[in-house]
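>>> Pasting the sequence and the predicted coordinates here, then a few questions.
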Amino acid sequence: MPRREMRPVPDLPTPGILRPRGGRIRRRGASAAVAVLVLAMVSAAGAQSPEQIARGKYIFGAAAGCGCHTVPKQALNAGGRKYDGPFGTVYASNITPDPTTGIGKWTDEQIITATRAGRRPNGERLIPVHPYTVFNGMAEQDLKDVVAYLRSVPPVNKAAPAKKITVPLFESVFLPAWLATFAPRELPPAAAPTSGVARGEYLSRAVGHCGECHTPRTMTMAVDSSRFLAGNQKGKGPEGSAVPNITPDRDTGIGNWSEEQITDYLETGNKPDGDVAGGLMMEVIQGTSAGYKDLTKADRQAIAKYLKSIPPVRNQIE
C-alpha cells in the first residue's frame with residue numbers, strides 16, 4: 001500500500017499573548033479577566049461529554065497510553081520520566097490539567113499545536129523525543145477527543161526537572177535545521193479511516209507511532225523510510241534496547257506470523273513461539289490508563305493486515 005506523502009515540518013505560527021495598551025491593568029479589569037477565564041474553563045469542562053472522553057481515552061491507549069509521560073507506579077501523566085539522547089537529557093512534561101505545573105491553562109488549540117507541531121504556547125520548541133512529526137498525521141477529531149480525555153484525569157502538582165542540553169546551540173540552530181531538513185511530516189486525513197488496511201496504517205503510523213522505535217535511523221538520526229519497521233539492533237533502539245523487525249520478511253521479520261497471531265500479540269503480548277513481549281513493548285501493550293490491549297479486535301486486526309501489507313525488509317536483529 002502506498003505511504004502517505006512525507007514533507008518537512010514547517011514552523012507553525014504560535015498564538016500570541018494579548019497585552020493591554022498602556023502600563024498597568026486595573027484591578028477591576030484583572031478580576032473580570034479572571035472571571036471570564038474561569039467561566040470559559042467551566043464551560044469547556046461541561047462541553048466534554050462522557051462519550052467524547054471515552055473516545056479520547058481509546059485513542060490515548062492506541063497512542064501507547066502516552067507512557068512517556070508517566071513514571072511507572074507514579075501518578076498518571078504527571079511527567080518526570082527521564083530520556084537521554086545525543087543532545088543531552090530531557091524529562092517528560094506533566095500533561096495533567098494542573099494549572100501551575102501541567103497543561104490546565106492551555107487552550108485546546110494550544111494542546112493540539114504542541115502535539116502536532118512541537119510548540120509550547122510561549123513558542124518554545126519541544127525536543128522531538130515527543131514524536132510530533134508523526135502525531136501531525138492524526139485526524140483533527142481524534143486530537144480533540146484526546147484533549148477532552150486529558151482534561152478529565154486528576155490534576156497533579158508536580159514540576160518536571162529542567163532539561164540539560166549539552167550540545168551548544170542545539171535548540172537555536174541545530175534543531176530547527178534538522179527539522180527543516182530531515183523530519184518527516186505525516187499528512188492528516190480529513191477523518192480517521194474506520195476499517196481495513198487504511199485503518200491499520202493510520203493506527204500504526206500516526207497514532208501508535210510504531211516507526212519511531214521499529215525503524216532504523218540514519219547517521220543524522222532521521223528515520224530511514226527505506227527500511228520502515230525493519231527493527232533496531234541493541235544500542236540503537238529506545239533506551240539502548242534492541243527492537244524487532246516487524247516487516248513481513250519470513251526470515252528476519254514476522255512474515256511467518258498469521259494475522260490472528262499478530263492480533264492476539266497486540267492484546268496479550270504472547271508470541272507464537274511461546275515467548276512473551278517485554279520491556280517497552282509490554283509497557284505499550286499494557287498502557288497507563290489504556291494501551292494496545294484495550295483496542296477492539298477489529299482495530300488490532302486492521303493493524304495486523306497493514307503490517308502484512310508493507311514491503312518486507314531483510315534485517316536480522318540480534
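It's in. Numbering: from 1, shown residues only.

>>> in this protein, which spans are strands?
82-85, 88-91, 164-165 (DSSP state E).

>>> Below-threshold pLDDT in the protein: ranges please.
Applying pLDDT under 70 to the chain picks out residues 1-47.

>>> Just name the most buried of the strands of the chain.
Of all these, strand 88-91 carries the top mean neighbour count, a mean of 17, counting by mean count of other C-beta atoms under 10 Å. Glycine gets a C-beta too; all of them are placed from N, C-alpha and C.

>>> ok, back up a step: quick one: which of the strands of the chain is nearest Tyr292?
strand 82-85 (21.1 Å; C-beta to C-beta).

>>> and the closest one, what does it pack onto?
strand 88-91 (3 or more C-beta pairs under 8 Å, 6 or more residues apart in numbering; DSSP states H and E).

>>> According to the record, where do the domains of this protein fall?
Here the domain parsing of the chain from automatic domain parsing is 49-188, 193-318.

>>> what about the shortest one, start to end distance?
Same thing as domain 193-318. Chord length of domain 193-318, first to last residue, is 35 Å (C-alpha to C-alpha, to the nearest Å).

>>> Looking at the strands of the chain, which is nearest to Asn270?
Using C-beta to C-beta, the nearest of the strands of the chain to Asn270 is strand 82-85, at 28.7 Å.

>>> Please put the alpha-carbon coordinates of the closest one into CSV.
Extracted in CSV, the C-alpha atoms of strand 82-85 (Å, rounded to 0.1, in the frame of the first residue of the first chain):
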residue,chain,number,x,y,z
LYS,A,82,14.0,10.7,32.0
TYR,A,83,15.3,10.4,28.5
ASP,A,84,18.9,10.6,27.5
GLY,A,85,19.9,11.5,23.9
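
>>> Partner strands of that strand, with direction?
Strand 82-85 has its sheet partners listed here by DSSP bridges as strand 88-91 (antiparallel).

>>> picking up where we left off before, let's have the strands of the chain in JSON lines, adding distance to Pro99.
As requested, those are exported to JSON lines (distance: least, C-beta to C-beta, whole Å):
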{"stretch": "strand 82-85", "distance to Pro99": "25"}
{"stretch": "strand 88-91", "distance to Pro99": "20"}
{"stretch": "strand 164-165", "distance to Pro99": "26"}
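
>>> Of those, which is nearest Gly196?
strand 82-85 (34.9 Å).

>>> can you give me how far that closest one is from the chain middle?
In terms of C-alpha atoms, centre = their mean, to the nearest Å, the centre of strand 82-85 is found 16 Å from the chain centre.

>>> so what's the residue nearest to Tyr202 when sequence neighbours are not counted up against?
Sequence neighbours aside, Pro193 is the residue nearest to Tyr202 in space, at 5.0 Å (criterion: C-beta to C-beta, 6 or more residues apart in numbering). Neighbour list for Pro193: Arg199, Glu201, Tyr202 [criterion: C-beta atoms under 8 Å, 6 or more residues apart in numbering].

>>> Repeat that for Lys234.
Taking C-beta under 8 Å, 6+ apart, we find Lys234 in contact with Gly240, Ser241, Ala242, Glu318.

>>> top of those residues by neighbour count?
Ser241 (16 neighbours; other C-beta atoms under 10 Å).

>>> What is the neighbour count of the nearest residue to it once chain neighbours are set aside?
In space, and not counting its chain neighbours, Ser241 is closest to Gly279: 5.8 Å by C-beta to C-beta, 6+ apart. Residues near Gly279, counting by other C-beta under 10 Å, number 13.

>>> try Gln52
A count of nearby residues for Gln52, using other C-beta under 10 Å, gives 18.

>>> Which stretch among the strands of the chain approaches Val153 most closely?
With C-beta to C-beta, the closest approach to Val153 among the strands of the chain belongs to strand 88-91: 19.1 Å.

>>> Can you flag which of the contacts of Pro193 belong to helices?
The members of the contacts of Pro193 that map onto helices under DSSP state H are Arg199, Glu201.

>>> which among the contacts of Pro193 gets closest to Cys68?
Nearest to Cys68 among the contacts of Pro193: Tyr202, at 20.7 Å, using C-beta to C-beta.

>>> Look up how far Glu186 lies from the closest one.
9 Å (C-beta to C-beta, to the nearest Å).

>>> Now list whatever residues contact both of these two.
Gly137.

>>> More neighbours: which of those two?
The residue with more neighbours, out of Tyr202 and Glu186, is Tyr202; 27 against 24, by other C-beta under 10 Å.
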